[in-house]
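# Let's see this in three dimensions:
(2 chains)
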Amino acid sequence: MIEQARDNVEQNDPTSEGTGAVGSTLRHWQWDEDEDNVGWLALDKGDASTNVLSAEVLEELDTILSGIGSELHGLIITSAKPNGFIAGADINEFTTLKDQSEATALIQRGQRVLDKLEALKCPTVALIHGFCLGGGLELALACRYRIADDDARTKLGLPEVKLGIHPGFGGTVRLPPLVGAPAAMDIILSGRTLSARAAKKIGLVDHAVPSRQLRMAAKATVMKPPAQRKAKGWKALTNNVVVRTLLAQYLRRQVAAKAPEEHYPAPYAVIELWNKHFDDPKRMLAEEAASVARLVMGETSKSLVRVFFLQERVKALGRVKGYDPKHIHVIGGGVMGGDIAAWCALRGFHVTLQDRQYETLARVLQRAHGLFKKKLKQPRLVQAAMDRLMPDIEGLGVSRADVVIEAIFEDVEAKHNLFREIEPRLRPDALLATNTSSIPLQVLSEALKKPERLVGLHFFNPVAKMQLVEIVSSEKTDPQVSQTAAAFARKIDRLPVPVSSTPGFLVNRVLMPYLLEAVTLESEGVPAVVIDKAALKFGMPMGPIHLADTVGLDICLSVAEILSKHLGGEVPQRLRDLVNAGYLGVKSGRGFYEYKKGKPQKPKTDKEYTPPNDLTDRLMFRLFNECVACLREGVVEDADLLDTGVIFGTGFAPFRGGPVNYLQNSGVGAMQSKLKELAGRYGSRFGEDAGWAEL
Amino acid sequence: MAQKKTKQADRPVYVVGGCRTPFLKARGNPGPFSAANLAVQSGRALLARQPFEPDAFDEVIIGCVMPGPDEANIARVAALRLGCGKHVPAWTVQRNCASGLQALDNAAQNIATGRSDLVLAGGVESMSHAPVLLNLLMVGWLADFNRARNVGAKLKVLTRLRARHLQPIIGLLRGLTDPVVGLSMGQTAENLAYRFNISREDMDAFAVESHRRLAKAQDDGLLGEIEVIYDEKGHFYAHDDGLRRDSDMEKLAKLKPVFDRPFGMVTAGNSAQVTDGAALLILASEAAVKKYQLPVLGRITDVQWAGLSPSQMGLGPAHAMAPILKRRALTPGKIDYWEVNEAFAAQVLACLAAWQDADYCRSELGSDNPIGDIDRSRLNVDGGGVSLGHPVGASGARIVLHLLHVLERTGSHRGMASLCIGGGQGGAMLVERDA
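A predicted model of the protein is given here:
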């Protein structure tokens, strides 16, 4: 068998002299055959720390599989990388595809290799540790058995929908018969990952075993192969043509509630594939390839892939070798401070949370406990997280912490006093950060003997959901400090986007004109529901009126006032009136909407009512124009960072790839003239920023 | 009575810090904190104040009478959860009501002999979480049921289940009953009241005074060793919550005896409260004090353990403190402050009476003359078990810690802490400060 494999490899490799062992001619795979004629095939992608299924990796696998003869008793596929099995397809290859037919060809090549794997006569096992995602899981699904490491780091899933596509290497074909339609559709449509134990529970893997038993379990399985797993009983029935038709309708409705088809076509395509072609796997496979090829060339997928790379870029910004903070001290137990503290504790840090009031600290701990329970589930882990989060009324943590984050109320004097008090106690190497959203760092750092050490870590509410952290630097901030701040953001699994300390930084600044325009529209008589609907239709995650209510109208007003002082523009009287009347939004039970149990009671709109034609444009162009201004002023370094910040800070329609990307895709000239029209109708607040010329 | 010798240590033992949780009265349902949680919540603040890292300890020793089912060797559980790290060994000690004092004794010994330099020691008890057990009948029945192979056999076993199988064993009640003489702790207190002629009024007056002193201590902020603790439901606990500011003779007189019904005198009002709490101290050698520049609160200079009849267990302090005085040639007047744990008002009063009783001193304590008076104004100056509770494993550590704070506050030199111990023992610890 080894000889055959080598022959095959050598045929593909003209430089080979024909005498080397298999290992020397394989670039990505390691082959080892044990005394029982069981082949151990480990993926160790060359020049990479993470395994992905690149075209080259698949080609080499193809060659190896072709060389496998009947004397092999079993094949065990594993990974030689410590971080995991296979992370998925090589997303870089997506970006080089010229057209749909090239995409189809690429996908079908992959399908053929996995078909070959599936068709092997001997028992095959995928031996999984760490992540096993996308194409990686599809490869595992082409094996007869799957055995996973029962460790917290093991994650199995098919996250393709997050890139606007769906599984293309037979995942949609092989998963439903294995685990039944409900579980399969849940995995594919949500893109969520499963732990080894959860995967075992639904039958996705045959065994979830401790790492010490992985190899034994794999060997035992191929030596005495049990019956292959298949969905049985009611689970099998869910794939039946009658049940399927009904279930498909239900699933479509479920998906529609979260993502409209025009913005996110991939989940609908999956349901369609399964519903139409389940009974004919061959056909389904061909359709799967065609569907992915179609999707991958579409605007949504291109944008989502772009977002993926934007994310990778800012992740890299936070790469600082050897930075290993352990203790975080947060000052201020309000919603932001408390949630930052809880989040850090959840991510494994030792956290001290300082506040003047026991009541406040008690409330934070209660909230934190809720978060830990939701995220960690196991009582033992929840307890450990609670142990890591120490209420600290005396501020004992200040002098020990690696990172100190100030999150008290927005008052210059209070913050100055605090900084004066803590600066002498800080460790010299400690990172000193502020979560201020409205006070310039230049002003805050005046109270410090070493103003260069202050950096902004601007989190967004709710901390546990919003991935973005603005890394705010003033001209005084030491670049090294900003770098460390970005590295810290990565340590707690947030995305750092560097911004300069100008009013509103990036996210609040671009969001505010958009919110204010919504308020203006509402005061002109456009129903709030209609305004929100228009924004949702554009692809915003929440309507601006609902968002303003959620943030709190008092906070909106104060931010708006600060920003208008610096940047001009008017704050709508309507906003002041509501705040004066005590209607502050969700927290007071009433803002623009009324709230019951935190849910807006949206009034029904008159069916006769037709919203103004330029409703969406009025909302979005205020935001776009401000984005352009930020770019021109250098609030962020470049357009990609701006898009990253706005997508992850505001939830701006990811399938549009960010505001600047959207402007460019729609044609800057055309967008400019639209803005001019708006300026003609509504005046200076739509005045074109000078930056448009440089887009 | 044979004079027991406690070998004098070569190396001095310093107390360099300590804190405790508020003592929280058990109110029927399990309280908000397990024993380990109490230890962690008080301990982490204490450790956060230290100039050294938690892994600098040589060992962790904790006294606990009834750890929960998930708290086997609770000292190790607490040490790991406190971040002391895997390399710091930890062990749990049990000497009933003096378990916390036992932990301090062991820590002090190991420092004195040079085995340790820095020890976290104390006591913890969550009496409201005391286990409730299945009786042996039920355990046997369950075993049979699990052994039954098929539905028929299982049904057959099921028919044998009777109400008496379901009678639980309340761990707390069993723990407070002497297994040898069969008396509850309250009944041993009734014994002492009978023997030394202590009246119900004496006991109730003692209880009123205990509450009055605790109230004053709270108002004057004299309980700085208390660390505020937090539960998971948005509450925090800052004070000993067993205090009854409205306690008076009239109200106490209305309470019915709980142990010897209906004619006894020991009531819930003049007994220690059933309570949850933890107290932790840091003990250090001279070398450790120097290395980390630790603030010295005082020294542990002597310890004595004594045994007596289980049915008279409340006199334990009289038996344990006497040899220390004799050995050091001290009279009661030379002790500046006393902390004698208030298990029962009758029991503390009996200890005082015993030392004034020539007959008792001669026959039981080996002293030709009465040992003498303990000045009540220097005894339990800020309240005690009757007003703030007696979480059995924790009290020993609490009284030593508080005694040191009293010495510090008053600029005094010498203090004695002592407890009676269920099963018929007493423990006493002499502490000193350079005033």
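# Residue ranges of each domain in chain A, please.
A:2-297, A:321-501, A:508-694 (automatic domain parsing).
# Between the two ends of the shortest one, what distance do you get?
I take that to be domain A:321-501. One end of domain A:321-501 sits 26 Å from the other (CA to CA, to the nearest Å).
# Please see if that domain touches chain B.
Yes - using CB under 8 Å from any CB of the partner chain, domain A:321-501 comes into contact with chain B via A:350, A:352, A:358-359, A:361-363, A:365-366, A:369, A:383-384, A:386-387, A:390-393, A:396-397, A:400. C-beta coordinates here come from the backbone N, C-alpha and C atoms, glycine included.
# filter those to the buried ones?
Neighbour-count burial (16 or more other CB atoms under 10 Å in any protein chain shown) applied to those gives A:350, A:352, A:358, A:361-363, A:365-366, A:369, A:383-384, A:386-387, A:390-393, A:396-397, A:400.
# sorry, back to before: just put the domains of chain A in CSV and tack on distance to B:Gly221 and mean pLDDT.
Converted to CSV, those look like this (distance: least, CB to CB, whole Å; pLDDT from 0 to 100):
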stretch, distance to B:Gly221, mean pLDDT
domain A:2-297, 46, 92
domain A:321-501, 15, 96
domain A:508-694, 36, 94
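# Out of these, flag the one nearest B:Asn37.
Closest of the domains of chain A to B:Asn37 is domain A:321-501, at 8.1 Å (criterion: CB to CB).
# Now the spatially closest residue to B:Val15 that is not a sequence neighbour. Its backbone dihedrals?
The spatial neighbour of B:Val15 that comes closest, neighbours along the chain excluded (CB to CB, 6 or more residues apart in numbering or on different chains), is B:Leu297 at 4.6 Å. B:Leu297 has phi and psi values of phi -90, psi -30 when expressed as degrees, to the nearest 10.
# hang on, A:Ile328 packs against A:Arg400?
No - using CB atoms under 8 Å, A:Ile328 makes no contact with A:Arg400, being 10.4 Å away.
# Overlap of the contact sets of these two?
Residues touching both A:Ile328 and A:Arg400 (CB atoms under 8 Å, 6 or more residues apart in numbering or on different chains): A:Thr352.
# Residues in a beta bridge with A:Gly585, which ones?
Beta-bridge pairing for A:Gly585 (DSSP bridges): A:Arg590.
# Please name the residues that touch it.
Here A:Gly585 is in contact with A:Ala548, A:Asp549, A:Thr550, A:Val551, A:Gly552, A:Leu553, A:Gly591, A:Phe592, A:Tyr595 (CB under 8 Å, 6+ apart).
# Filter the residues you listed down to the buried ones and express that as a PyMOL selection.
In PyMOL, this line selects whichever of those come out buried by 16+ other CB under 10 Å:
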select buried, chain A and resi 548+549+550+551+552+553+591+592+595
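# Need the contacts of A:Gly585 in JSON lines (columns: secondary structure and distance to chain B).
Shown next, in JSON lines, are the contacts of A:Gly585 (DSSP: H, G, I helix; E, B strand; the rest coil; distance: CB to the nearest CB, whole Å):
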{"residue": "A:Ala548", "secondary structure": "helix", "distance to chain B": "28"}
{"residue": "A:Asp549", "secondary structure": "helix", "distance to chain B": "25"}
{"residue": "A:Thr550", "secondary structure": "helix", "distance to chain B": "22"}
{"residue": "A:Val551", "secondary structure": "helix", "distance to chain B": "24"}
{"residue": "A:Gly552", "secondary structure": "coil", "distance to chain B": "21"}
{"residue": "A:Leu553", "secondary structure": "helix", "distance to chain B": "26"}
{"residue": "A:Gly591", "secondary structure": "coil", "distance to chain B": "26"}
{"residue": "A:Phe592", "secondary structure": "coil", "distance to chain B": "30"}
{"residue": "A:Tyr595", "secondary structure": "strand", "distance to chain B": "22"}
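# List the residues that contact A:Leu365.
A:Met386, A:Leu389, A:Pro391, B:Tyr230, B:Asp231, B:Glu232, B:Gly234.
# nope, A:Cys344 is what I meant
A:Ile328, A:Val330, A:Val351, A:Ile492.
# what is the closest residue to chain B within the stretch 201-350 of chain A paired to in the beta sheet?
Residue of the stretch 201-350 of chain A nearest chain B, by CB to the nearest CB: A:His350 (7.2 Å). Under DSSP bridges, the beta-bridge partners of A:His350 are A:His327.
# residue contacts, it?
Contact analysis of A:His350 by CB under 8 Å, 6+ apart lists A:Lys326, A:His327, A:Ile328, A:Arg388, A:Met390, B:Gly83.
# these two touch, right, B:Ala45 and B:Thr21?
No - using CB under 8 Å, B:Ala45 makes no contact with B:Thr21, being 9.8 Å away.
# Hmm, A:Gly39 and A:Ile68 touching each other?
Yes - at 7.0 Å, A:Ile68 counts as touching A:Gly39 under the criterion of CB under 8 Å.
# Give me the nearest residue to the residue of the stretch 501-650 of chain A found nearest chain B, chain neighbours excluded.
Closest residue of the stretch 501-650 of chain A to chain B, CB to the nearest CB: A:Lys587 (17.2 Å). Leaving aside its chain neighbours, A:Lys587 sits nearest to A:Gly552 (5.8 Å; criterion: CB to CB, 6+ apart).
# returning to that earlier point: pull the contacting residues for the residue nearest to B:Val15.
B:Tyr14, B:Val15, B:Val16, B:Gly17, B:Gly18, B:Leu404, B:His405, B:Glu408, B:Arg433.
# So which of those residues are in strands?
B:Tyr14, B:Val15, B:Val16, B:Gly17, B:Gly18 (DSSP state E).
# Report the beta-bridge partner residues of B:Gly426.
Applying DSSP bridges, one finds that B:Gly426 bridges with B:Ala306, B:Cys420.
# which residues touch it?
By CB under 8 Å, 6+ apart, the contact set of B:Gly426 is B:98, B:305-306, B:308, B:315-321, B:418-420.
# Filter those down to the buried ones and hand me the PyMOL line.
Remark: buried members of the contacts of B:Gly426, expressed as a PyMOL selection using 16+ other CB under 10 Å:
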select buried, chain B and resi 98+305+306+308+315+316+317+318+319+320+321+418+419+420
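# between the contacts of B:Gly426, which is closest to chain A?
The closest of the contacts of B:Gly426, once distances to chain A are taken by CB to the nearest CB, is B:Ala98, at 28.5 Å.
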